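1. A predicted structure for the sequence below; I have some questions about it.
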Amino acid sequence: MQAQREWFEKDYYKALGVSKSATESEIRRAYRKLAKQHHPDANPGHDDRFKEISAAYDVLSDTEKRAAYDEARSLGPVAGGFGGAPGNGATFTFGADDLGDLFGSLFGRSSRGATRPRSGGRRGADLEAELHLSFVDALDGIITTVNVTSDATCGTCDGSGAAPGTSPIVCGRCGGRGVMADDQGLFSLSRTCPTCGGRGMRVESPCPACAGTGIERRPRQVKVRIPAGVDDGQRIRLKGRGAPGAGGAPPGDLFITVRVEPHPLFRRRGRDLLLNLPVTFAEAALGAEVAVPTLELGAVRNEGAPEGSQVVLRVPAGTRSGRTFRIKGRGVATAKGIGDLLVTVEVTVPTRLTEPERQAIEALAAASTESPRAHLARYGSPSQKGV
């Protein structure tokens, strides 16, 4: 039976969460539990995990495949290139491309036999930054800059590490490959060149600004586009805008955490905007048409101009304090849709009355025939004065 290439790369026992000595029934129970949990129909987005579980069960549930898999894992990828394997007599074979990749990684060569340079570099570090936005800018989206102080490519040597007027030279010890071959008889294993550190190049005259590292620490500005509808605390990833890599390795990423300032009138809940609207007792009792402020998102706003416009809300007679009205399409615009404006009515009580106001309220109280506390009467009369 031929060993599949992925057998040497994937631990099927770990994929199913069972031990190597697990019985067939244990493997079957583990598969059913995980398949139900990660099936794409029930959990969209779990396709890769479901495929991994199915592939593992396909091998471990078959006695012959499982034995061949265990044998291949015990021998390792190098032994898989030979015809005979001890134990159950299974034969492990690779195609020409597989052998090229396998032995190319050992010799530091590609599948066509060409020398492949080894990079001894290190990926750049990921960076963190905070961006403070106004409430409106966060909802509307904005293109701005973020100030970051970090390692950056040296501006004097342009990252080469060599002094101006000079260039790095090919390492004489490894011939520019970045690796050294250790003869182990049948195989020749490779190790990182100690002279150039795996870069394949050597700097004889180091750059005075960066001491030959090719990296210097300095402040820089990173341009970033903030999408419309970003929320407070949301993180935005800028790939490749972090610290530069060493020895030709790729740079890291920049993660920006957005901090949104509160608005004096509006609050946010998902795609909806929330607003408390004060109304007078007369407006709530008799009904009224009240102007409600809104945010005109996406519109061009001149400095000093109002942020939004107004719409008219019809408050019906007898509206109680705390009732919420929904104004469609006046919320936050995101990729998933546009939210609404939720207006909650708050009936205000005057703290200072003019004499005409006092007389009007006293007349209303005298004319009232129904008490709002009438439903409490069935609980009996008060036995003592309240404190």
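-> Everything's here; your move.

2. mind listing what Val258 touches?
-> Shown in contact with Val258 (Cβ atoms under 8 Å, 6 or more residues apart in numbering): Glu130, Leu131, Leu133, Ala138, Ile226, Val230, Asp231, Asp232, Gly233, Gln234, Arg235, Ile236. Backbone N, C-alpha and C define where each C-beta goes, glycine included.

3. let me fix that, I meant to ask about Arg269.
-> Neighbouring residues of Arg269 by Cβ under 8 Å, 6+ apart: Leu342.

4. same question, Leu353
-> Ile361.

5. how about it, phi and psi?
-> phi -110, psi 140 (degrees, to the nearest 10).

6. ok, and the closest non-adjacent residue to Leu313?
-> Nearest residue to Leu313, sequence neighbours excluded (Cβ to Cβ, 6 or more residues apart in numbering): Val292, at 4.7 Å.

7. nope, Glu261 is what I was after
-> Nearest one to Glu261, counting by Cβ to Cβ, 6+ apart, is Ser134 at 5.4 Å.

8. kindly report the same for Trp7.
-> Counting by Cβ to Cβ, 6+ apart, Trp7 lies nearest to Ala72, which is 4.9 Å off, once chain neighbours are set aside.

9. quick check: phi and psi at that neighbour.
-> According to degrees, to the nearest 10, Ala72 has phi -60, psi -40.

10. next one: Thr334
-> According to degrees, to the nearest 10, Thr334 has phi -130, psi 180.

11. low pLDDT regions in the stretch 1-150 of the chain?
-> Within the stretch 1-150 of the chain, the stretches with pLDDT under 70 are 1-5, 41, 75-121.

12. for Glu52, helix, strand, or coil?
-> helix (DSSP: H, G, I helix; E, B strand; the rest coil).

13. state the distance from it to Arg218.
-> Relative to Arg218, Glu52 is positioned 44 Å away (Cβ to Cβ, to the nearest Å).

14. ok, those two, which is more surrounded?
-> Taking neighbours as other Cβ atoms under 10 Å, Glu52 and Arg218 compare with Glu52 leading, 17 against 13.

15. verify the stated contact: Cys193 with Gly176.
-> No - judged on Cβ atoms under 8 Å, Cys193 makes no contact with Gly176 at a distance of 9.4 Å.

16. those two: who's more crowded?
-> Between Cys193 and Gly176, counting by other Cβ under 10 Å, Cys193 is the more crowded of the two (22 against 17).

17. contact partners for the residue nearest to that one when sequence neighbours are not counted?
-> Using Cβ to Cβ, 6+ apart and skipping the chain neighbours, the partner closest in space to Cys193 is Cys174 (3.9 Å). When contacts are counted by Cβ under 8 Å, 6+ apart, Cys174 touches Met180, Cys193, Thr195, Cys196, Gly200.

18. after whichever strand or helix holds Ala285 comes which helix or strand?
-> Of the helices and strands defined by DSSP states H and E, Ala285 is found in helix 281-286. In the C-terminal direction, the helix or strand that comes right after helix 281-286 (DSSP H and E) is strand 288-293.

19. that following strand pairs with which strands?
-> strand 310-315 (antiparallel) (DSSP bridges).

20. ranges for the helices of this structure?
-> For the chain, the helices defined by DSSP state H cover 12-16, 24-38, 47-60, 63-79, 96-107, 135-140, 281-286, 355-367.

21. nearest to Phe325, of these?
-> For the helices of the chain, the distance to Phe325 is smallest for helix 281-286, at 12.4 Å, taking Cβ to Cβ.

22. by contact count, what packs against that closest one?
-> When contacts are defined as 3 or more Cβ pairs under 8 Å, 6 or more residues apart in numbering; DSSP states H and E, helix 281-286 sits against strand 341-347.

23. mind listing the strands the strand it packs on pairs with, and their directions?
-> Applying DSSP bridges to the sheet, strand 341-347 is found paired with strand 272-279 (parallel), strand 324-327 (antiparallel).

24. how is this structure divided into domains?
-> The record's domain parsing of the chain by automatic domain parsing lists 5-94, 127-168+203-260, 266-367.

25. looking at those, which is buried most?
-> domain 127-168+203-260 (a mean of 17; mean count of other Cβ atoms under 10 Å).

26. quick revisit: please report phi then psi for the residue nearest to Glu261.
-> phi -70, psi 160.

27. likewise for Arg271?
-> Torsion angles, degrees, to the nearest 10, at Arg271: phi -90, psi -10.

28. the closest residue in space to it that isn't next to it in sequence and Ser309: what is the separation?
-> Leaving aside its chain neighbours, Arg271 sits nearest to Gly339 (2.9 Å; criterion: Cβ to Cβ, 6+ apart). Plainly put, Gly339 is 17 Å away from Ser309 if you go by Cβ to Cβ.

29. quick one, strands of the stretch 201-350 of the chain?
-> Ranges of strands within the stretch 201-350 of the chain are 201-202, 215-226, 235-238, 254-260, 266-269, 272-279, 288-293, 310-315, 324-327, 333-334, 337-338, 341-347, based on DSSP state E, counting those that start in this stretch.

30. of all these, which lies closest to Asp62?
-> Nearest to Asp62, of those and by Cβ to Cβ, is strand 235-238 at 42.0 Å.

31. partners of that closest one in the sheet?
-> Going by DSSP bridges, the partners of strand 235-238 are strand 254-260 (antiparallel).

32. and the angle for the partner strand with strand 215-226?
-> Calculated by axes from the mean of the first three to the mean of the last three Cα atoms, to 10 degrees, strand 254-260 forms an angle of 50 degrees with strand 215-226.

33. give the rounded mean pLDDT of strand 254-260.
-> For strand 254-260, mean pLDDT rounds to 93.

34. would you pull up how far that strand lies from the middle of the chain?
-> 11 Å (Cα atoms, centre = their mean, to the nearest Å).
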